[in-house]
Structures are given as structure tokens and as C-alpha cells.
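Engineer: Quick one, structure for this:
(chains A and B)
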Amino acid sequence: MAIRNDDIERIFSEVADMLDIKGENQFRIRSYRNAARTVGSLSRNVVDMVKEQQDLTKLPGIGKDLAGKIRQICQTGRLDLLEQLKQEMPDELLAIMDIPGLGPKRVKTIYNELDINNPEDLKKAAQEHRISKLPGFGNKIEKNILEGIAQIETSAGQGRIALAFAERIIEPLCEYLAAGQGVFEVVQAGSYRRRMETVGDADILVTCRDGADVMDRFVGYEDVVDVIAKGHTKSSAVLRGGLQVDLRVVPQESYGAALIYFTGSKEHNVAIRKIAVEKGLKINEYGIFRGKRSIAGRTEKDVYRKIDLPYIEPELRENRGEIEAGLTGRLPKLVSMDDIRGDLHIHTKWSDGRYSIEQMAERAKQIGYDYIGIADHTQAVAVAGGLKPERLLEQLDEIGRIRKKVKGITILKGSEVDILGDGRLDLPDEVLARLDFTVCSIHSQFGLSQNEQTQRIIRAMDNRYFNIFAHPTGRRLGQREPYALDMERVMKAAKQRGIILELNANPDRLDLNDIHCRMAKELGVKVIINTDAHQLDDLDYMRFGLYQARRGWLEAVDVVNTRKIGDLRKLITRKK
DNA sequence: GCCGTTTTCGGCCCGACTGTTTTCAGTCG
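Structural biologist: Sure, this is the predicted structure:
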């Protein structure tokens, strides 16, 4: 089985957790956690880097020892150290660590004193009040453990929620808070502001006259079902539906510093604090300090400037090289909505869309686009009403008529052509030749092996009418895992053939992900952000695609639907 | 375990809240 980067990430993070329970050196543990993250956010396959005998110690946080361990995992699929740790303690203990309020120390105590190593036994012990008798434990902790277990049991498999869904919960809460007496500013921070594809909890920052008032108002919100913590400056509550909200009240002069702190990521913050320390400064959520004197804090920009960094866009704050880029003036100028001129993956009533070609075109015109591309399904996707070649040709004639009617926007004739199991395209070449462009995609046989799937895709790309590879991994957030494919090989094949990769902006897909976008940029593969709209409002999904593109460091030059129609046409015309 | 114009040792980000304790450890972000 091919080892993926996230396999290595998981192994290292399990090692870190187990070393933590053992009470090992905190900094050694941190090294494993850092390494897990480094590998997890890498835009290249580590397995390939090992095969090519690249120097892994060039990676941040990877030294000689961890490089050796990575090689071992890549070559054998396992890590001796982890196996050894599993001999020393049951790995079910890691499940207990997931319970809120239980960290390594308490888990260790529970395990040593009561020989409990799984959530079921723990639940039983708590019900029998054996936990509260342990040293350092009490009734409250015991009660919290039971609630935590219950929470995990009910929300099992739920976890993080999609960004678009979080938006519908967080925005109304912010409006509610902003309407409170004496409130100056309410701003969303956290992973939501960094526009991560999923959000684990909401982080909201408030400046106001009186913190206690805001906290009272917060816990009084109609959707609050549980208050986890409530202080003068910081409170946490759970909303109906399970989303946890952390609210922080900060003084206005600390607004920028707090926004940085609360936006994260944690890793970004650690990195900038480290730079501050090297300069004899200290950054916390109240400002940036020399000794006890605050030297900045009102705006984010001020704080960054004091450590010689330019403003860093929230989407970049993952400690994936943005700090080094900032220090050397190489930060990307991220693509934005103003750059987008069109959308080339639009469905209509002709297949499984809900509106007519004309309606979709009119809406696109309202948005301000220069062009759109109609791309309905082909016959193989029968459940979606895929078009047979004759029907598609009729549709092309219809688009010809609509072009005369709807002025001020170019309507391109396209098709979402199904990639068949053997790598053929679902339309004969003579029909493909009549199209302005194709988006090609997979809707069947998700279960092929990585090698088979990759070959299938590359074989399809050999067809000279293959322009855009749509929703490349086929994942649906929280519903369907991506099919197995070697993204690096696929991208290299796309690059050779002048094929564009789609970043599908549908919030359930967001496919490519951020790391893939970065990979495309580094390999020189062009990306197109399409909404895959099936109805009018879906056209507004473009912003979610943009968020993801920005997280992947993409600039307008990397994204083809920022081009004028003439330049776009050139990019989707392949050499014969 | 990593890292280095204070390099091969001695550092490694910072603070709030909770619960148990009576001055602080543990957890979290």
C-alpha cells in the first residue's frame, strides 16, 4: 500500500500523544507534533522524495533522526518507535485523550491508578464515582468526563463543519452581539477567518465598553445550550447543533494583537512570537512589548511591522512558509473576487441543473462576468440526465440562438464529459471537436487502486479535447473520501499536455484542496475556479473557491478564469 | 528532537480559565 503524507502525519502525532502520556520531555514531543504538521501540509509526496533520495532534513523541523523515521515509514509502512510504545501502553488510551478536559497527565493517572484504557471503562468508573477519588480529581472533573463522553457519543463522526455551514451560524450570532449596548466591534477570527474548508469552533473577538455586559449577552443568546467557561475577558459556549463558540473581549488598543492571536493559526503565532523573542520583544494578545512597555497592538499591521513583517493575509497564516516569504518580500498577491471574469462549469435544465441557459447567463452577467461556459453532463451519468451526443448537438444550437439574444456576456459551448472506466471520454471525437472546451471528470469506479485510477485519468488526458480536469479527487466533505490517485503524477501529466485543473468551488467539494493548489502552483499547472452551479444561487459559491485558492497561495496569474476571453480561448485550445 | 550572525549546548510562545487546591497544576487554544 502506498504511504501517503497523512499516514506519516498520523503516526507522528500518535507517537507525540503517547510520549506525552509517558511524561517525556515536552520539547521532544513538540518535535514530533511539528514534524507531523510539516509532513501533513507538504505539497509533495514524501514517498517520492524518499525514492529520489532527497534531503529531508531541509524540511522545517525535520532533523537527522526524524528524517530516518520518515524513511522507515515510507519503506516499511510502520515505525518501530510507535510499535514499541504500543507495547508499553494500550493505544486505546489515545481515544481517552480526545475527551475534553483530559490531557496526558490525567489520562496517565487514570490508567496507572485504575487500569482504565478505553472510553467505555472510563464511563463506567465515572458513573461508579471512582474517578473523583483519584488524587487531583474531584466531582466536577468526573462530571465533565461523563458529559464529554456523552458529547462524543452523540456527535460521533460529525466533528468539524463545512465553512459555508458555519457561516450561517456565526454571522447571525455576530449581528446579535454587535447590537448589544456599548459594543464597538465584533469580528470573527480563528479558522473561520483563515477560511479553512471546515471549522471546528468559532472564535469571536469583541471590543466594547464593558466586558461583563457582553459576556452576559453572549450566554443569553437563544441558541446557547451549554456554557463551558465564563470569565470577564473570555467565555466559551456550545450552540444548538454542537458548534462551540469562544468569545474574547479585548481593549481597543490591543485589537490588532488580539486579532492576530485569535486568528491563528497556532503555528503561525508560535513562529511570530519566536521572531519577537529574537528581537528582545514579546507578543501576546495584548500587544507587542519591549519589557513592560507596549510598542504596538492597535492594528495587525502595526504588530507585524514591529517584527519587520508586512501584513500577512489570514488565509496564509499556517506557518507554511508565509513568514519566510514575508521577510524576503516574496508574499503572493492573492487572487481575489475582482480578478474573476467567468465561470466554466455551469449546469442547466438540459441535464441536472434547475434553470435555463439564458437564466444562468443573465445571473452571471449581473455578477459582472465577461463569460460563462455551459457544461452539462454526458450520457454515462444517467442519474443526472446526461446528454447523448444528439441532444448535446441540439443544446449547442440552442446556445447559438441564446448568444444572439443575451448580449454583453460570452457563452462558451462546453460539456462535462465523463471519464469512462477505461480512460476513454464519453463522447466521440467528432462531437468533442464541436465544443469550445471540455471539463472532464469521474463519476464512477471510485474504488480503483491508486495506480489504476491515476492511469485511467492520464489515459483520458491523452485525448486532445481534454481541457479541464474537474473536481480532481472526487471527495465530498464529510461524506465521501477522495478516490485514490497520485496527484503529483496527474499534475505533471496535465502540465505536459496543457491541461488545466479545476478548483471546484462547491462548498461540499472544494476540490482541489489548499495543499493541491500549492502543488499546482509549484509545478506550474494552471488552475480554474468553477462553481459547478446547478442553480442560480450556486454561482455565488465562487467565493468559497477563492478562499481555498488563496489558502493555496494562488495569484491571479495562476488562475485562468482571471484572463480575458481571448487569452482564455488560447489556453483551452490544445496543440493538435 | 530540532536548531544556530550569542552554533555543537542550552535553549525551545504565551496567557486564561477551571477545579482542586490554599498557591497551583492541568488543559486549552
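Engineer: residues near A:F184, how many?
Structural biologist: By other CB atoms under 10 Å, the residues close to A:F184 number 11. The way it works is simple: take the backbone N, C-alpha and C, and place the C-beta from them, glycine included.
Engineer: How about the one 10 residues further on?
Structural biologist: Residue crowding around A:R194 was assessed by other CB under 10 Å; the count is 23.
Engineer: Could you find the closest non-adjacent residue to it?
Structural biologist: Spatially, and ignoring its direct neighbours in sequence, A:R194 is nearest to A:P314 (4.8 Å; CB to CB, 6 or more residues apart in numbering).
Engineer: Would you confirm that A:G524 contacts A:A494?
Structural biologist: No - the criterion here is CB atoms under 8 Å, and A:G524 misses it with A:A494 at 10.0 Å.
Engineer: And these two? Which one has more around it.
Structural biologist: Regarding A:G524 and A:A494, a neighbour count based on other CB under 10 Å identifies A:A494 as having more, with 23 against 10.
Engineer: show me the contacts for that one.
Structural biologist: Applying CB atoms under 8 Å, 6 or more residues apart in numbering, we find A:A494 in contact with A:461, A:469, A:500-501, A:525.
Engineer: got a list of what the residue nearest to A:R194 touches?
Structural biologist: So A:P314 contacts A:193-195, A:263 (CB under 8 Å, 6+ apart).
Engineer: what's the spacing between it and DNA strand B?
Structural biologist: 14 Å (CB to the nearest atom of the strand, to the nearest Å).
Engineer: Now that residue: phi and psi?
Structural biologist: Here is the backbone geometry of A:P314 (degrees, to the nearest 10): phi -50, psi -40.
Engineer: same thing with A:S351?
Structural biologist: phi -120, psi -110.
Engineer: In strands only, show me the contacts of A:A494.
Structural biologist: Secondary structure defined by DSSP state E assigns A:469, A:500-501 of the contacts of A:A494 to strands.
Engineer: where exactly do the helices run in the stretch 51-200 of chain A?
Structural biologist: In the stretch 51-200 of chain A, the helices defined using DSSP state H, counting those that start in this stretch lie at A:64-76, A:80-88, A:93-97, A:104-114, A:119-127, A:139-154, A:163-178, A:190-193.
Engineer: quick one: the shortest one to chain centroid distance?
Structural biologist: Relative to the chain's own centre, helix A:190-193 is displaced by 11 Å; criterion: CA atoms, centre = their mean, to the nearest Å.
Engineer: which other residues reach that helix?
Structural biologist: Contacts for helix A:190-193 (CB under 8 Å, 6+ apart): A:163, A:166-167, A:170, A:187, A:198-203, A:246, A:262-265, A:314.
Engineer: Just the buried residues from the residues you listed, in ChimeraX please.
Structural biologist: This is the ChimeraX syntax for the buried subset of the contacts of helix A:190-193, where burial follows 16 or more other CB atoms under 10 Å:
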select /A:163,166,167,170,187,198,199,201,202,203,246,262,263,264,265,314
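Engineer: can you give me the offset of stretch A:72-90 from its chain's centre?
Structural biologist: On CA atoms, centre = their mean, the centre of stretch A:72-90 falls 29 Å from that of its chain.
Engineer: quick one: low-confidence parts of the stretch 1-150 of chain A?
Structural biologist: A:1 (pLDDT under 70).
Engineer: Residue numbers of it in contact with DNA strand B?
Structural biologist: With the criterion set to CB under 7 Å from any atom of the strand, the stretch 1-150 of chain A comes near DNA strand B through A:25, A:27-28, A:30-32, A:35, A:57, A:60-67, A:81, A:99-107, A:132, A:135-142, A:144.
Engineer: Would you show me how to pick out the buried ones of those residues in ChimeraX?
Structural biologist: To isolate in ChimeraX the members of those that are buried, counting by 16+ other CB under 10 Å, one can use:
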select /A:31,32,35,61,62,66,67,81,99,102,104,106,107,137,141,142,144
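Engineer: May I see the helices of the stretch 51-200 of chain A arranged in CSV, with distance to A:E488 as well?
Structural biologist: Formatted as CSV, these follow (distance: least, CB to CB, whole Å):
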stretch, distance to A:E488
helix A:64-76, 14
helix A:80-88, 26
helix A:93-97, 31
helix A:104-114, 36
helix A:119-127, 38
helix A:139-154, 36
helix A:163-178, 26
helix A:190-193, 27
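Engineer: deepest of the ones you listed, which one?
Structural biologist: Among the helices of the stretch 51-200 of chain A, ranked by average contacts under mean count of other CB atoms under 10 Å, first place goes to helix A:190-193 (a mean of 21).
Engineer: tell me the mean pLDDT for that helix?
Structural biologist: Helix A:190-193 carries an average pLDDT of 93.
Engineer: Closest one of the contacts of A:P314 to DNA strand B?
Structural biologist: Ranked by distance to DNA strand B (CB to the nearest atom of the strand), the contacts of A:P314 are led by A:T263 at 10.0 Å.
Engineer: List the contacts of the closest one.
Structural biologist: If a contact means CB under 8 Å, 6+ apart, then A:T263 has A:189-190, A:193-194, A:203, A:314, A:317 as its contacts.
Engineer: Flag every residue of the stretch 201-350 of chain A that's near DNA strand B.
Structural biologist: A:201, A:203, A:229-235, A:244, A:246, A:264, A:266, A:269-270, A:273-274, A:276-278, A:282-286.
Engineer: Kindly supply the ChimeraX command isolating those of those residues that are buried.
Structural biologist: Restricted to buried positions by 16+ other CB under 10 Å, the ChimeraX selection for these reads:
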select /A:201,203,233,235,246,264,269,273,276,282,283,284,285,286
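Engineer: from the residues of the stretch 201-350 of chain A next to DNA strand B, which ones fall inside helices?
Structural biologist: A:266, A:269-270, A:273-274, A:276-278 (DSSP state H).
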